[in-house]
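Visitor: make a model of this:
(one chain, ligands or ions: 1)
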Amino acid sequence: MSSHDNSHEDHLPEGRGGEEGGAVEPADNPFADPGLPPHEPRQQDIDERAAKRSERTVALFFTASMVATIAFIASFVALPVDKIIYVFPLGHISALNFALGLTLGIALFTIGAGAVHWARTLMSDVEIADERHPIEASPEVKAKVLDDFRQGAAESGFGRRKLARNTLFGALALVPLSGLVLLRDLGPLPQDKLRHTKWGKGKRLINQNTNEALRPEDIVVGSLTFAMPEGMSEEDHDFQTQIAKAALMLVRLQPENIKDKRELDWSHDGIVAFSKICTHVGCPINLYEQQTHHVLCPCHQSTFDLSDGGRVIFGPAGHALPQLRIGVNKDGYLEAKGDFAEPVGPAFWERG
Ligand code: FES
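Guide: Coordinates of the predicted model:
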């Protein structure tokens with residue numbers, strides 16, 4: 001769209017004599033380059049009022065785009081997901097989908113229509129011809145390109161046509177909001193679900209293999225026992241979601257081997273209960289080394305010391321395994337004294 005007023009003449013083919021428009025070729029050369037037709041100025045080129053009218057049309061398109069984007073956001077917020085309407089000839093369709101598609105379509109189309117109208121009526125339409133030249137640009141050519149670019153930018157009226165330019169900026173600034181609003185469709189926010197599990201005060205520890213409530217004597221030295229909270233069943237619709245947070249592992253240590261004071265306080269007779277979910281990216285931990293009291297995550301080899309508060313001693317995990325405070329109820333079963341004191345599994349943004 002950029003042009004160079006003089007380049008028209010500068011680059012006319014030999015034989016045309018550089019005449020402006022429709023040169024007469026010698027009758028004996030029927031293959032001669034007929035050259036460019038004479039440039040015909042448009043109404044907008046000669047009449048500033050016509051140019052102003054075009055500018056207002058362009059601005060109208062861009063303003064329509066802004067209105068459509070706002071309507072898109074309003075539709076997203078106001079229309080219920082399950083509302084069905086009849087639209088000829090589409091039939092019965094979702095009102096929300098129809099409104100979103102229509103408004104976003106208008107928002108994008110009117111930006112394009114405004115840009116095309118601007119280019120066709122206000123930007124320079126002087127045709128230019130250039131000879132083929134070596135691919136490598138000489139410094140003069142580079143300077144000329146830069147010059148043409150500047151001239152094109154000036155001729156586009158980008159600086160002068162402030163109304164069109166500003167409304168274009170407005171339309172381009174608003175259109176991305178449509179995408180931002182759609183992010184809301186990623187699903188409900190997790191709120192505090194990541195901070196709580198099915199564990200709670202008085203919930204008995206159920207052996208995950210036998211589904212039996214665990215007693216202290218069931219936990220033997222050297223073994224790793226997996227448990228889940230009382231009241232959970234594999235038939236529950238959210239069982240996998242809940243067990244992914246509540247999975248627990250129990251080991252029995254000699255109380256004198258427990259180095260961490262809080263761990264000792266939260267244990268029962270040397271039995272300690274830790275989250276089974278690795279704090280790196282959440283794999284289930286299932287390898288236990290009896291001599292060292294270390295547990296190992298098979299995914300990326302994070303290693304935790306169960307005799308020292310579940311501390312990370314090797315690997316990429318970012319923090320210690322959360323411990324569950326346990327005790328024994330009056331019937332002699334192991335029970336939780338509450339939920340985990342901190343979120344289980346990998347760190348997340350708001351965890352702090
Ligand atoms: S998930 Fe456990 S080390 Fe990566």
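Visitor: what does this structure have sitting close to the ligand?
Guide: Counting by CB under 6 Å from any ligand atom, the residues of the chain close to the ligand are Cys278, His280, Val281, Cys283, Cys297, Cys299, His300, Ser302, Gly315, Pro316, Ala317. Just so you know, the C-beta spots here come from the backbone N, C-alpha and C atoms, and that holds for glycine as well.
Visitor: can I get these in TSV including neighbour count, secondary structure and pLDDT?
Guide: Shown next, in TSV, are these (neighbours: other CB atoms under 10 Å; DSSP: H, G, I helix; E, B strand; the rest coil; pLDDT from 0 to 100):
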residue	neighbour count	secondary structure	pLDDT
Cys278	26	coil	96
His280	21	coil	94
Val281	16	coil	93
Cys283	17	coil	95
Cys297	26	coil	95
Cys299	16	coil	95
His300	12	coil	95
Ser302	23	coil	96
Gly315	17	coil	94
Pro316	14	coil	95
Ala317	26	coil	94
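Visitor: nearest to Ser124, of the residues you listed?
Guide: Set against Ser124, the nearest of these by CB to CB is Val281 (58.0 Å).
Visitor: quick check: closest non-adjacent residue to that closest one.
Guide: Leaving aside its chain neighbours, Val281 sits nearest to Pro346 (5.3 Å; criterion: CB to CB, 6 or more residues apart in numbering).
Visitor: element containing that neighbour?
Guide: Assigned by DSSP states H and E, Pro346 falls within no helix or strand.
Visitor: Met228 now?
Guide: Using DSSP H and E, Met228 falls within strand 225-229.
Visitor: by contact count, what packs against that strand?
Guide: In terms of contacts (3 or more CB pairs under 8 Å, 6 or more residues apart in numbering; DSSP states H and E), strand 225-229 is packed against strand 205-207, helix 239-246, strand 248-252.
Visitor: tell me which of the ones you listed sits most buried.
Guide: Ranked by average neighbour count under the criterion mean count of other CB atoms under 10 Å, the helices and strands packed on strand 225-229 are headed by strand 248-252 at a mean of 24.
Visitor: contact partners of it?
Guide: The set of residues external to strand 248-252 that reach it, using CB atoms under 8 Å, 6 or more residues apart in numbering, is 199, 205, 214, 219-221, 223-228, 269-276, 285-286, 288, 293, 295, 306, 324, 334.
Visitor: let's see 6 Å
Guide: Contact partners of strand 248-252, identified using CB atoms under 6 Å, 6 or more residues apart in numbering, comprise Ile219, Val221, Leu224, Thr225, Phe226, Ala227, Gly270, Ile271, Ala273, Phe274, Lys276, Leu306.
Visitor: from the residues you listed, which is closest to Ala50?
Guide: Among the contacts of strand 248-252, and counting by CB to CB, the member closest to Ala50 is Lys276, at 76.3 Å.
Visitor: for that closest one, which residues are in contact?
Guide: Contacts here follow CB under 6 Å, 6+ apart; on that basis Lys276 touches Ala247, Leu248, Met249, Pro284, Ile285.
Visitor: mind redoing it with 10 Å?
Guide: Going by CB atoms under 10 Å, 6 or more residues apart in numbering, Lys276 touches 208, 224, 226-228, 243-244, 246-250, 283-286, 295, 297, 321, 344-345.
Visitor: and Val67, by the same measure?
Guide: The contact partners of Val67, taken as CB under 10 Å, 6+ apart, are Thr103, Ile106, Ala107, Thr110, Ala171, Leu174.
Visitor: next one: the strand holding Met228 to chain centre, how far?
Guide: Mean C-alpha position of strand 225-229 versus that of the full chain (CA atoms, centre = their mean, to the nearest Å) differs by 37 Å.
Visitor: pLDDT on that strand, on average?
Guide: The pLDDT scores in strand 225-229 average 95.
Visitor: and what of stretch 237-248?
Guide: Averaged across stretch 237-248, the pLDDT comes to 93.
Visitor: may I have it as PDB, with CA atoms only?
Guide: Provided in PDB are the C-alpha atoms of stretch 237-248 (Å, rounded to 0.1, in the frame of the first residue of the first chain):
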ATOM      1  CA  HIS A 237     -18.300 -41.500  42.300                       C
ATOM      2  CA  ASP A 238     -15.400 -39.400  43.500                       C
ATOM      3  CA  PHE A 239     -13.300 -42.200  45.100                       C
ATOM      4  CA  GLN A 240     -10.300 -41.700  42.800                       C
ATOM      5  CA  THR A 241     -10.300 -37.900  43.400                       C
ATOM      6  CA  GLN A 242     -10.500 -38.300  47.200                       C
ATOM      7  CA  ILE A 243      -8.000 -41.200  47.500                       C
ATOM      8  CA  ALA A 244      -5.600 -39.200  45.400                       C
ATOM      9  CA  LYS A 245      -5.400 -36.800  48.300                       C
ATOM     10  CA  ALA A 246      -6.100 -39.000  51.300                       C
ATOM     11  CA  ALA A 247      -3.900 -42.000  50.600                       C
ATOM     12  CA  LEU A 248      -1.800 -42.800  53.700                       C
END
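Visitor: neighbours of Ile128, how many?
Guide: Ile128 sits with 17 neighbouring residues when counted by other CB atoms under 10 Å.
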